[in-house]
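Chemist: the amino acid sequence is not available; the structure is as follows:
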């Protein structure tokens, strides 16, 4: 295991722990449903008292089996599986060590701090080159299979969970849960890659076609090859340009380093991306 790999798994472990802490200290005591599979597990637990962590693990299993190949290759899929497993274990274990009623009964405080802590956890998981499973895997699968944009996929899954939460808990709790999801998203972006969701990459490498092929295969992102000339050397070269999500930046760095350790890359932020794989023009 390399130092980089060890660092990734440390990020994944801490991230999973923070998500579980948010679940047990803020979300479950206040009946605030998180998004995706964990939110559905909370709702089922409300009626059946089945362990939330175990349901998260079992609920992610079929989604993971269907969509693992859309996670950017086996190593990233393994990181996602590791993060899901730890989150499930931590969620059920922490139940025996933390107060059942959480820290506060105030819905606003639970929504705010639950969003910050869970979002920080998500951000660390992204930094560890993994995903949180559930909605992340399903969104990528829907995008690849039926061309549904990632933003639409997240909206569909989270909207369904919030609707069920409103029926199960209360509509007031569902509204606070939406606030929590928004805060969580901001926190996750800030911890992982900054405030902007969209990233642009300019890559100069001695192996442009090989790098382009790897990006298109592993990340399933389009790549544009631009003809350029070095200002100092005057030599002709090819510059690669691609647009990715903030969760894919770490994967892109690793991919390029493995192909060409001498490559030069600039990562920029973009306000919005329209087209295949991102928001459609009809959404603007």
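Modeler: Noted; the coordinates are in hand. The structure displayed is predicted, hence computed values, not measured ones.
Chemist: what's next to the longest strand along the chain, contact-wise?
Modeler: The single longest strand within the chain, with elements called by DSSP state E, is strand 236-245. Residues from elsewhere that reach strand 236-245 (Cβ atoms under 8 Å, 6 or more residues apart in numbering): 150, 197-205, 208-209, 211-212, 215, 219, 221-230, 252, 270, 273, 278. All C-beta spots, glycine's among them, are computed from the backbone N, C-alpha and C.
Chemist: so how do I select the buried members of the residues you listed in PyMOL?
Modeler: Burial among the contacts of strand 236-245 is assessed by 16 or more other Cβ atoms under 10 Å; the matching PyMOL selection reads:
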select buried, resi 150+197+198+199+201+203+204+205+208+211+212+215+219+221+223+252+273+278
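Chemist: can you give me the helices in the stretch 101-250 of the chain?
Modeler: Along the stretch 101-250 of the chain, counting by DSSP state H, counting those that start in this stretch, helices occupy 107-127, 135-146, 150-168, 171-192, 208-214, 249-259.
Chemist: so which bits of the first one are buried?
Modeler: Looking back up the chat, that one is helix 107-127. 107, 110-127.
Chemist: one more: the second one?
Modeler: Within helix 135-146, the residues scored as buried using 16+ other Cβ under 10 Å are 135-143.
Chemist: between those, which sits nearest residue 103?
Modeler: residue 135 (26.6 Å; Cβ to Cβ).
Chemist: any idea how far residue 260 is from that closest one?
Modeler: Counting by Cβ to Cβ, to the nearest Å, the separation of residue 135 from residue 260 is 34 Å.
Chemist: domain-wise, how is this structure divided?
Modeler: Here the domain parsing of the chain from automatic domain parsing is 3-192, 198-283.
Chemist: name the stretch among those that sits most buried.
Modeler: With neighbours defined as mean count of other Cβ atoms under 10 Å, those peak in mean count at domain 3-192, which reaches a mean of 20.
Chemist: just the terminal-to-terminal distance for that domain.
Modeler: 19 Å (Cα to Cα, to the nearest Å).
Chemist: which residues does residue 14 contact?
Modeler: 121, 124.
Chemist: any idea which element it lies in?
Modeler: Per DSSP states H and E, residue 14 falls inside helix 3-22.
Chemist: need the contact partners of stretch 76-93.
Modeler: 8-9, 12-13, 15-17, 19-21, 23-24, 38, 51-54, 56-57, 60, 64, 68-69, 71, 125, 128-134, 136-137, 251.
Chemist: where does the stretch 101-250 of the chain dip in pLDDT?
Modeler: 143, 149-151, 193-197 (pLDDT under 70).
Chemist: and the most centrally placed residue in the chain, how far from residue 7?
Modeler: When Cα atoms, centre = their mean is applied to the chain, the residue found nearest the centroid is residue 131 (4.4 Å). From residue 131 across to residue 7, the span is 17 Å (Cβ to Cβ).
Chemist: and for residue 257?
Modeler: Applying Cβ to Cβ to residue 257 and residue 7 gives a distance of 14 Å.
Chemist: where does residue 272 sit: helix, strand or coil?
Modeler: Judged by DSSP: H, G, I helix; E, B strand; the rest coil, the three-state class of residue 272 is coil.
Chemist: thought residue 198 was touching it, still the case?
Modeler: Yes - using Cβ atoms under 8 Å, residue 272 is in contact with residue 198, at 6.6 Å.
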